[in-house]
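*Asks:* Structure here, sequence nowhere to be found:
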C-alpha cells in the first residue's frame, strides 16, 4: 500500500527522532514480553530469569534480524555502511530475528537449564504480535510494497495489510491450539513456523513487489509474481518445521 506524503516520523525532540517504526517495535517488545513472562511464570519458571532471558532474546533478535537483512541487501549499504546501524528506519529480517533470538535463548538455557523448547512455545505470541505491528509500521516507511493490479479497485496490493493479517491469524491459530492440542514442548513453536510460513509464502510474497528468480512470471492483471526468494525457501522451511513437529511430538525421525 502506497500513501503519498505519509510521514514516518511522529515527532522530533532536539536531535532525537521518534518514528512510527520504532514505536511499533517497542509495542511489540512490551506486549510480547508481557505474555512471555506471564505464561512463563504459570509454567513455574522464575520471573527474574524470564526477564533476563527476554532481554537477551530481544537483543539477539534485533542483531540477527538486522545482520541478515543487511547481508541480503548488501549492495545498498556498500556506499553508506553506517546506514546498516539505522534500524529505526526499518529493515529487519523476520527469519534473522528468529535465528538471533534462538541463539541467545540457547546460550542462556545452557547455563540455567531451563527447558528451551518450552521457552520457544512461550515466544510465539510475541512473534505473531511483532509481525502484525511491524507490518503496519512498514506502511509509514513505504516499504514492503505490493505489485500493481489492474483488476482491483486499488492501484497496488496492500501487502503490509496482508502481512499484518497473517500475524493476527497466526496469533488466533496459536491461541486455539494452546487450548485444544495436547502438544509436547516445542511443538507449538514449530507449528507456528509452519502455518506462518505457509500463509506468507502463498499470500504476502505472491503479491509483494520483490525481485523474481527462476521463472520470473508476472501477471499484471492480478498483480501476482513468481518466484521470490521467499517463495523458493518456503518449501524447505515447511519441511523443516514438519520434521521438527514430528520429532518433538513423537520423539522419532519422520524421514
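*Replies:* Done, it's in. Nothing here was measured: the structure is a model prediction, and the numbers come from that model.
*Asks:* so how far is residue 21 from residue 57?
*Replies:* Between residue 57 and residue 21 the computed distance is 20 Å (CB to CB, to the nearest Å). No exception for glycine: its C-beta is placed from N, CA and C like everyone else's.
*Asks:* and if you look at residue 120?
*Replies:* 26 Å.
*Asks:* can you give me the helices in the stretch 1-150 of the chain?
*Replies:* Along the stretch 1-150 of the chain, counting by DSSP state H, counting those that start in this stretch, helices occupy 20-42, 47-72, 74-77, 94-112, 116-141.
*Asks:* just flag whichever of these has the lowest average confidence.
*Replies:* Mean pLDDT is lowest for helix 74-77 among these, at a mean of 81.
*Asks:* That one - contacts with which helices or strands?
*Replies:* Using 3 or more CB pairs under 8 Å, 6 or more residues apart in numbering; DSSP states H and E, no helix or strand is in contact with helix 74-77.
*Asks:* Check which residues of that helix are buried.
*Replies:* Across helix 74-77, burial judged by 16 or more other CB atoms under 10 Å covers residue 77.
*Asks:* Also stretch 12-29?
*Replies:* Within stretch 12-29, the residues that count as buried by 16+ other CB under 10 Å are 19, 20, 21, 22, 24, 25, 27, 28, 29.
*Asks:* Spit out the contact partners of the last one.
*Replies:* Under the criterion of CB atoms under 8 Å, 6 or more residues apart in numbering, the contact list for residue 29 reads 58, 126, 130.
*Asks:* Include distance to residue 137 and neighbour count when you put the residues you listed into CSV, please.
*Replies:* Formatted as CSV, the contacts of residue 29 follow (distance: CB to CB, whole Å; neighbours: other CB atoms under 10 Å):
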residue, distance to residue 137, neighbour count
58, 17, 20
126, 16, 24
130, 10, 23
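*Asks:* Closest one to residue 7 out of those, please.
*Replies:* residue 130 (22.8 Å; CB to CB).
*Asks:* so how far is residue 185 from that closest one?
*Replies:* Counting by CB to CB, the gap from residue 130 to residue 185 is 21 Å.
*Asks:* go on, residue 35?
*Replies:* Taken as CB to CB, the span from residue 35 to residue 185 is 17 Å.
*Asks:* Tell me where the stretch 151-255 of the chain has helices.
*Replies:* Under DSSP H, counting those that start in this stretch, the stretch 151-255 of the chain gives helices at 159-180, 187-199, 205-207, 229-250.
*Asks:* who wins for proximity to residue 92 among those?
*Replies:* Here helix 159-180 is closest among the helices of the stretch 151-255 of the chain (CB to CB), at 12.9 Å.
*Asks:* That closest one - contacts with which helices or strands?
*Replies:* Counting contacts by 3+ CB pairs under 8 Å, 6+ apart, helix 159-180 is packed against helix 116-141, helix 187-199.
*Asks:* can you list these in JSON lines and add distance to residue 2?
*Replies:* Output for these, formatted as JSON lines (distance: least, CB to CB, whole Å):
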{"stretch": "helix 116-141", "distance to residue 2": "9"}
{"stretch": "helix 187-199", "distance to residue 2": "23"}
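*Asks:* give me the low-pLDDT residue ranges for the stretch 151-255 of the chain?
*Replies:* Where the stretch 151-255 of the chain drops to pLDDT under 70, the residues are 252-255.
*Asks:* If we use 50, what do you get?
*Replies:* Within the stretch 151-255 of the chain, the stretches with pLDDT under 50 are 253-255.
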